[in-house]
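Engineer: A structural model of the following input is requested.
(chains A and B)
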Amino acid sequence: MTTIRRRLIDWVLTGFLLLIPALVLRASLSRGEPSAVDETVLRITAPLQAAVSWMADGVGSVWSGYVALIDVESENRELREDNERLRKDLASMSRKAYDVQALEELALVKKRIAADMIGARVIGAPLTPFRVSRLRIDRGASEIQPNMAVIAGTGPVGVIEKVFGDYADVLLVSDTRSKIDVVVKRTGRRGFLRGTGRDDSYACTITSLELASQSDQRAQVGDEVVTSGVGLIFPPGLLIGKITKLDGDDGMLQKVEVDPSVDVSQVRAVMVLLAPPPPADPDAKSKKRSEPAYGTRAL
Amino acid sequence: MRTGTLVIVAYLACVVVATVWLRLPTSIIRDSVPDVGALTAAYLGLTARGHVAPAVGGSVVLGYLVDLISGTPPGLAALVLGLVCLIARAAQQRLMVRGTAMTMGFSAFVALLVGVVSLAVRMVYGVPRAGLVVDLQHIALVTLATAITGPLVWRGCRRIDAAFARTHRERDAALEGLAP
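Structural biologist: Numbers count the residues shown, from 1 in each chain, chains lettered A, B, ... in the order given. A predicted model of the protein is given here:
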């Protein structure tokens, strides 16, 4: 009887113990915030949690500050080597990409100009303090000769000045000794493009540019200047640059300044015109029957 | 005294686990928190001697402390651990947890049981929940972590039991996992 009674009390107590959290849960859900008892217990247990947290932080900082850094030195060395290799690769690829771009531009030049020409690589570009004074290319006496036109992807660069051995020097458009027959594209008026020889820019001037009586026929800032084709050095119609400044006139001739379209400091490859393009065929628009290339001619 | 010691040690273990797991690297590991409280409640139920009320009381107190650590509504873990203790007590006569594999399996079962009971209690009381998929994923991760850490926790509990043994025989039995 006593055992049954004890068991009964035990189970009643158990049920009561389970009832407490059920009621506490309901109360806490309806209240929505910790009760005074919860806060008291939290206040008592908080130092313990703080201490454990402090210890875990300490162990964690020892781990991250020492143990985890054991392999960092070798890893750092490997990363430096990788970085150096990748930088070299990047530089090489950038150079190749630049070369490819220059060659593509030259291919376009070749396609645009129906003249006999040869490609050349720029191997030297001596500098005055702020600009390139001339270019040296890797084509020599066996292939080219002085006064041949040198063209880059964006326009004329200059003419061959000297040829020695396997190399040649290019007289730049911006040199004071350079003289190219040009046309202002909008007005059709001719002049001679000469370099100013300034140390800080590649600017050129046009001399002998006739001053038109009508103002709209005069050269203006922004006008394009192209080669005239006179002199049989440069083919006609090559863009040389744009007029950037008007320097007034002397009553007969207009003075203008031109900024060349070619940035000589960036040129890596050029085309040398071996022979001027043939004159335009006057009968190009009328169709003619070609002579048979082989066999017998019909009577 | 024995139950009180188990509850206090389990509470300390819960604090340590909660603090350490927060600092673990990946989120999937951080979510896989071993349920030390559930293991202790199951141990209390499985090893309850004579009266069940002290074991359930200890589990409820432990659950309440776990509630305060984990930020769940006070009473939720207390009720769940009390019920788990009661279920473990019911399995006492039919189950003997010995050996690593058995301990891990039982630990996984306990964690799963706690997850399901907790889910049921939340639904009954209308406690806000994440989606069912998230809940199930969380239960799976906790079950796995609890199964892995189970043998360690049980060994610790048996050590405490052995410390409270009155005779050498009881001590050996406790260490062997033959208590009560």
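Engineer: and chain B, which of its residues are near chain A?
Structural biologist: Proximity of chain B to chain A (Cβ under 8 Å from any Cβ of the partner chain) is limited to residues B:12, B:15-16, B:19-20, B:23, B:51-53, B:56-57, B:60, B:63-65, B:68-69, B:73-76, B:78-79, B:82-83, B:86, B:121, B:125-127. To be clear about C-beta, it is placed using only N, CA and C from the backbone, and glycine gets the same treatment.
Engineer: Return the residues in contact with the residue in chain B that chain A sits nearest to.
Structural biologist: At 3.0 Å from chain A, residue B:75 is the closest residue in chain B, using Cβ to the nearest Cβ. Residues in contact with residue B:75 (Cβ atoms under 8 Å, 6 or more residues apart in numbering or on different chains) are A:21, A:22, A:23, A:24, A:25, A:26, A:27, A:28, B:64, B:67.
Engineer: thinking again about what came up before, taking the residues of chain B next to chain A one by one, which sit in helices?
Structural biologist: B:12, B:15-16, B:19-20, B:53, B:56-57, B:60, B:63-65, B:68-69, B:76, B:78-79, B:82-83, B:86, B:121, B:125 (DSSP state H).
Engineer: ok but residue A:146 is inside a strand, no?
Structural biologist: No. Assessed by DSSP: H, G, I helix; E, B strand; the rest coil, residue A:146 does not belong to a strand; its assignment is coil.
Engineer: low pLDDT regions in chain A?
Structural biologist: Residues of chain A meeting the criterion pLDDT under 70: A:1, A:128-130, A:277-280, A:284, A:287-293, A:295-299.
Engineer: ok and the residue in it nearest chain B?
Structural biologist: For chain A, Cβ to the nearest Cβ, closest residue to chain B: residue A:25, 3.0 Å.
Engineer: helix, strand or coil for that residue?
Structural biologist: helix.
Engineer: Not counting sequence-adjacent ones, nearest residue to it?
Structural biologist: residue B:75 (3.0 Å; Cβ to Cβ, 6 or more residues apart in numbering or on different chains).
Engineer: Then residue A:177?
Structural biologist: Excluding its sequence neighbours, the residue lying closest to residue A:177 (Cβ to Cβ, 6+ apart) is residue A:171, at 6.2 Å.
Engineer: Can you tell me the SS state at the one you found?
Structural biologist: strand.
Engineer: Just the buried residues of the longest helix seen in chain B, please?
Structural biologist: In chain B, assigned by DSSP H, the helix with the most residues is helix B:132-163. Buried residues in helix B:132-163, counted by 16 or more other Cβ atoms under 10 Å in any protein chain shown: B:138-139, B:141-143, B:145-147, B:149-151, B:153-154, B:156-158, B:160-162.
Engineer: next one: stretch A:9-24
Structural biologist: A:10, A:13, A:14, A:17, A:18, A:20, A:21, A:22, A:24.
Engineer: can those residues go into TSV with extra columns for secondary structure?
Structural biologist: Formatted as TSV, the buried residues of stretch A:9-24 follow (three-state DSSP):
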residue	secondary structure
A:10	helix
A:13	helix
A:14	helix
A:17	helix
A:18	helix
A:20	helix
A:21	helix
A:22	helix
A:24	helix
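Engineer: now those in TSV, with distance to residue B:7?
Structural biologist: Shown next, in TSV, are the buried residues of stretch A:9-24 (distance: Cβ to Cβ, whole Å):
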residue	distance to residue B:7
A:10	19
A:13	17
A:14	16
A:17	13
A:18	16
A:20	15
A:21	14
A:22	20
A:24	17
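Engineer: still on that earlier bit, out of the contacts of residue B:75, which one sits closest to residue A:70?
Structural biologist: residue B:67 (41.1 Å; Cβ to Cβ).
Engineer: Hmm, residue B:81 and that closest one touching each other?
Structural biologist: No. Using Cβ atoms under 8 Å, residue B:67 is not in contact with residue B:81; the gap is 9.5 Å.
Engineer: State whether residue B:113 and residue B:86 are indeed in contact, as I suppose.
Structural biologist: No. Contact criterion Cβ under 8 Å: residue B:113 and residue B:86 do not qualify, at 11.1 Å.
Engineer: Done for today, thanks.
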